[in-house]
Structures are given as C-alpha cells and as structure tokens.
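*Asks:* 3D model of this:
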Amino acid sequence: MSDAAARIPRIAIAGLGIEASTFSPARTEAPAFHPMRGAEILDRYRAFLGAGTPLHDAAEWHPALVGKSLPGGTATAQAFAALSDEIIERLAAMPPLDGLWYDIHGAMTVEGLDDAEAVLLARIRDTVGPDVLISTTMDLHGNVSRELAHLSDLITCYRMAPHEDAEETKERGVRNLVDRLVSGAGRPLKAWVPVPVLLPGEKTSTRIDPAKSVYAQVADAAAAPGVLDAAIWVGYAWADEPRNRAVTVVTGDDRQAITAQAERLARAFWEAGPHFDFVAPVGTLAETLDAALASAQRPFFISDSGDNPTAGGAGDVTWTLARLLEDPRVTAGDRTVIYASIPGPAAVETAIAAGIGATVTVSVGAAVDGVHEGPVTLTGVVDAIKQGDRDAEIEVVIRVGGLSVIVTRLRKPYHHEHDFTDLGLAPRDADVVLVKIGYLEPELYDMAAEWMMALTPGGVDQDLVRLGHHRIRRPMVPFDSPEFEPDLSARIIAPSDEPLTGPDE
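*Replies:* Here you go, the predicted structure:
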C-alpha cells in the first residue's frame, strides 16, 4: 500500500450467498441471486456504508457484484460461472485495490464443485493481487474450510441464531478491514480448529443453552489481548461435502493468544455436544397438531420444518398440506388455521382469473420436490390476491373451510406479521398458524403464544442420519458415537500471501 499514505484506502465489495441443500432436488439459477451492482450495493449496506457514515467516509468504495439468494437447491454450474465471471470482470476493471470485502453465506453448493466460496475467492485473489487484504463475513451456518480461512485475511460470522446481529457482523468485518488498512498493521494470523460435530440450526439456537452459553464466550475471546476477532461456525447440516462441520477461528497478531482462544471455544462447543437439543418442543405432525388444537393458547405456531425454504428446502413439499386437508378438525370451519405456504403458479393464475370471492379447484405443489407427496388439489374460496412481492411475485389465499392456504407463484418465506396481514389474514387471532420454517424468526416468536416443531420430511429433514450423508469427514457427531477424543488443537494459518501447507483436516 505504498501510495496509500496520501489517500484513504480503496476497497472493493463482492460476494455470492446461498444456503443450498444437496438433499433437495431443486436447482438454483443465476436470477435467484438478485445480483446487485455498483451503487445499489452501497444502498444494500446503507446502515453502515451509506453516505455520511464513518465507514463510508473512511475508504474509497468500489462495489463489484453481490448476489444473495433465498436458501434452496444446489446452484447450477452455469449460474455460478456466469456470476463469478462477472465479479472477476468487474474487479479486473477497477484501479489497484488495497482491500476487498467478501460478503458470503458460506453454504453455497455448486454442481461439480466442493467449497465453492473458496473457489471463487481464489479467482478473486488471482485478479486483485496478493497484496490486497480481504475480509470475509459469513453466516454462522456457513462452512469454513482451511482453504477459505487461508485466502481470507480477516474472517468473522454471526454470533446469534436467529441472526439478529447480521448487520452488526458485516459492519464489524468491514470496520476491521478499514482499521487494518489505515493502521498499516498488515496481515494477522488465524487459529483454525475443526470440530467434528454437524447439527441443524434448530438444535444450536443461541436463544437457549447450551449454544447460548457457548456463544456468550465469543465476545470475550475476541476482546482478549492479542486477538482481533473470534468466531464459531455451526456449519451447514443439509449439504454433503467434506467441509461441512463446526469450526472455530480466532484472528490476531499474538500466536499464543489466538491459539488459546480458538482451542477454548472449540472445546466448549465439543463438550456442549451431548446437550444440544431442539429449540422448541417437537413431535410428529399429528402430535403437534393434536397439541395445538387442544391448547387454550392462541395463536399456536407449528413449524413445518422439513421443507423450510430458509434452510434450503424446495418449499413445495405438499406432505403437510395433504395431512391438513384430510383432517376434518382443520377443514370443518369452526377453527381458524393458516398455512404458509405452497407454490402453485397455475393455481395463482386460476385464482386471479376467477377473482376474489370465487370458488376454485386448483392443484398446488410438488413441481420440484414430489418425493414425499404428489401435487395436492384444493377446492376453496379465493380470499385475497396480492401482486408485486420480491420473492413470491404473486400471492393468493384460498380458504378451504377453516383452513386458509397461502399459494404463491414462487416460493417465499413468511417471517413477518405483515406477510400475513397484507393478505387480509390475522395471525394473532388464528387458532393455529403452520409455517414452513425451523426455529421461529423474531416477529413470529414474539407473536406465538405457544410453539412446536413438526418433524416433517423434506430436503432439510431434521433427522440428519436419515438423510444419508456419504461425503462428510468421519467420525462426526451425530453420525457416529461421541465417545471418541477429537483433535481440537489449533492449526495456525499463515497470512494469505504465504503458501498454505498441510491437509484440510
């Protein structure tokens, strides 16, 4: 950074993010990433990079391309190539850079590739040159291979699940990068510890112990003398790749300090292993529905967890909806039950043509994932039509007796109260609300008087052993008995301008 003394640092922004299940038959194409370019990227991060913010004024920003998709199926090779190529082209056209912020999720699977984020970062590194400092920010459900940690000079992730600290984490990663460049401190060391545990987020929510207590130690580790940042990745449970597992990384300039803190966090996570449990009471769909209908608590939320579109499910598994339509307690009309949601593009068009108040017979779901149940037929009244949603594009409500089914043109997660009220639904007054989700997002969690998770089938089945992983590193909990002693010693990863040596284990 020889010429940087007379100017503020020049920093690029790039990244692709998706949480992609290899157990879903769905495939993700390039448009699903909603790629942003140039100034619209700064607008995406306006909370801390908007005009007039300290970080905005601390550097000269060069946004390239950032694409973030809803979780889903494996990204196609063509989609990854097209988006990656554009990132590289845009970076190659930029003036010499001092830094780059790499904003990713960390659980992107791509046809024919392992460790796609590291593959892309290697291309980025080749393009921008060896002297550029790179800061990587991630979801704690991402995966950190040794290669990804090596290619990143700074690396961090969320400390909360649900991810209420997402913006805070991104800001921290950017601030660390700017501070490092301005100070001229150079590249730090990283202590990386893989932990042979692979669990779903629904068993590792930081709302409850043991994850709450384990993650409470991260801030203390990051504040230790000689440490710059600290992080624990749970990993992504619904992809079958060698990199998928928990990992701790501590970054700093004091080798002894980062080693001690990375090993302490890894040991805490490993020892908590036998105590990780679901964040809510669980049961079969029948058991959760029985409990909901018997309860006096309203609204009673049920998570249709196996097809959660925000964990990588296809979102169109009809298994749960078929069971609801068979249950006279749901369809009789003396209960108010909301189901969110099921894709059915043709059904949406039929509802629009018929209009609000009309009775329609339509087929929905199972266009992508029909492994567990085929398409389901609904005969009901069109209660609402809404157009223009970013994800769903068009939503309709078809009421079958007491059951209001939200049918979408494209899959959509339902995380906010307005997602329902915008359709004329009143979730707070409903008897039961079933949502394709795992742990409830904050607004739903606050709304629910009572809550259970239904262990339903789909591409993000909570029964990991049942899914059939074949390529993860073994032994691994819960696929193997926890009665083995893992190697939780820290692997020191030298700065990215030095060769990476040793196996990724």
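*Asks:* would you check how far apart residue 279 and residue 446 are?
*Replies:* Shown here: residue 279 relative to residue 446, a distance of 15 Å by Cβ to Cβ, to the nearest Å. To be clear about C-beta, it is placed using only N, CA and C from the backbone, and glycine gets the same treatment.
*Asks:* then residue 501?
*Replies:* As it turns out, when the distance is counted by Cβ to Cβ, residue 501 lies 49 Å from residue 446.
*Asks:* re the thing from before, which one of residue 279 and residue 446 has more residues nearby?
*Replies:* Neighbours per residue (other Cβ atoms under 10 Å) separate residue 279 from residue 446, with residue 279 holding more: 25 against 9.
*Asks:* does the more buried one really touch residue 206, like I thought?
*Replies:* No. With contacts defined as Cβ atoms under 8 Å, residue 279 does not count as touching residue 206, sitting 9.4 Å away.
*Asks:* residues contacting residue 191?
*Replies:* The neighbourhood of residue 191, defined by Cβ atoms under 8 Å, 6 or more residues apart in numbering, consists of 248-251, 255, 258-259, 261-263, 490-493.
*Asks:* name the member of those with the most neighbours.
*Replies:* Note: the member of those with the most neighbours is residue 250, at 33 neighbours, neighbours being other Cβ under 10 Å.
*Asks:* where's that one, which helix or strand?
*Replies:* strand 246-252 (DSSP states H and E).
*Asks:* in the protein, which strand is the longest?
*Replies:* For the chain, the strand reaching the highest residue count under DSSP state E is reported as strand 376-389.
*Asks:* pull the distance from the helix or strand just after that strand to the chain's centre.
*Replies:* Once strand 376-389 ends, the next helix or strand along the chain (criterion: DSSP H and E) is strand 393-400. Put simply, strand 393-400 sits 26 Å off its chain's centre (Cα atoms, centre = their mean, to the nearest Å).
*Asks:* residue 179: neighbour count?
*Replies:* The tally of other residues near residue 179 (other Cβ under 10 Å) stands at 13.
*Asks:* that one: what's it in contact with?
*Replies:* Here residue 179 is in contact with residue 185 (criterion: Cβ under 8 Å, 6+ apart).
*Asks:* residue 77 and residue 109 touch, don't they?
*Replies:* No. Residue 77 sits out of contact with residue 109 when judged by Cβ under 8 Å, with a separation of 11.1 Å.
*Asks:* who has more neighbours, those two?
*Replies:* Higher neighbour count among residue 77 and residue 109: residue 109, with 26 against 14, using other Cβ under 10 Å.
*Asks:* who are the contact partners of that one?
*Replies:* Taking Cβ under 8 Å, 6+ apart as the test, what residue 109 contacts is 20, 21, 22, 74, 75, 116, 239, 241.
*Asks:* in this protein, where is pLDDT below threshold?
*Replies:* Low-confidence segments of the chain (pLDDT under 70): 1-6, 502-504.
*Asks:* give me that answer again for 80
*Replies:* Per-residue confidence for the chain (pLDDT under 80) gives these ranges: 1-6, 497, 501-505.
*Asks:* tell me how it divides into domains.
*Replies:* Using automatic domain parsing, the domains assigned to the chain come out as 8-277+487-493, 282-461.
*Asks:* pipe these into JSON lines and attach distance to residue 473 per row.
*Replies:* Shown next, in JSON lines, are these (distance: least, Cβ to Cβ, whole Å):
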{"stretch": "domain 8-277+487-493", "distance to residue 473": "6"}
{"stretch": "domain 282-461", "distance to residue 473": "20"}
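*Asks:* of these, which approaches residue 475 most closely?
*Replies:* The closest approach between residue 475 and any of those, judged by Cβ to Cβ, belongs to domain 8-277+487-493 at 6.1 Å.
*Asks:* ends of the closest one, how far apart?
*Replies:* Domain 8-277+487-493 stretches 29 Å from its first residue to its last (Cα to Cα, to the nearest Å).
*Asks:* check contacts around the residue found closest to residue 119 once you drop the neighbours it is linked to in the chain.
*Replies:* Taking Cβ to Cβ, 6 or more residues apart in numbering, and ignoring the residues beside it in sequence, residue 119 has residue 113 as its nearest neighbour in space, at 5.8 Å. Going by Cβ under 8 Å, 6+ apart, residue 113 touches 77, 80, 119.
*Asks:* now intersect these with the helices, please.
*Replies:* Counting by DSSP state H, the part of the contacts of residue 113 found in helices is 77, 80, 119.
*Asks:* re the thing from before, closest to residue 421 out of the contacts of residue 109?
*Replies:* Looking across the contacts of residue 109 and measuring by Cβ to Cβ, the closest to residue 421 is residue 21, at 30.2 Å.
*Asks:* and the end-to-end length of stretch 487-505?
*Replies:* End residues of stretch 487-505 are separated by 10 Å (Cα to Cα).
*Asks:* now that stretch: buried residues?
*Replies:* 488, 490, 491, 493, 496, 504 (16 or more other Cβ atoms under 10 Å).
*Asks:* again with stretch 203-213
*Replies:* The neighbour-count check on stretch 203-213 (16+ other Cβ under 10 Å) flags 203, 204, 205, 206, 207, 208, 210, 211 as buried.
*Asks:* which one of the residues you listed sits closest to residue 373?
*Replies:* The closest of the buried residues of stretch 203-213 to residue 373 turns out to be residue 203 (Cβ to Cβ; 25.7 Å).
*Asks:* residues near the spatially closest residue to the closest one that is not a sequence neighbour, how many?
*Replies:* The shortest distance from residue 203 to any residue other than its chain neighbours is 4.6 Å, reached at residue 276 (Cβ to Cβ, 6+ apart). Residues within reach of residue 276, counting by other Cβ under 10 Å, total 23.
*Asks:* hang on, isn't residue 276 packed against residue 210?
*Replies:* Yes. Using Cβ under 8 Å, residue 276 is in contact with residue 210, at 6.2 Å.
*Asks:* this completes my enquiry, with thanks.
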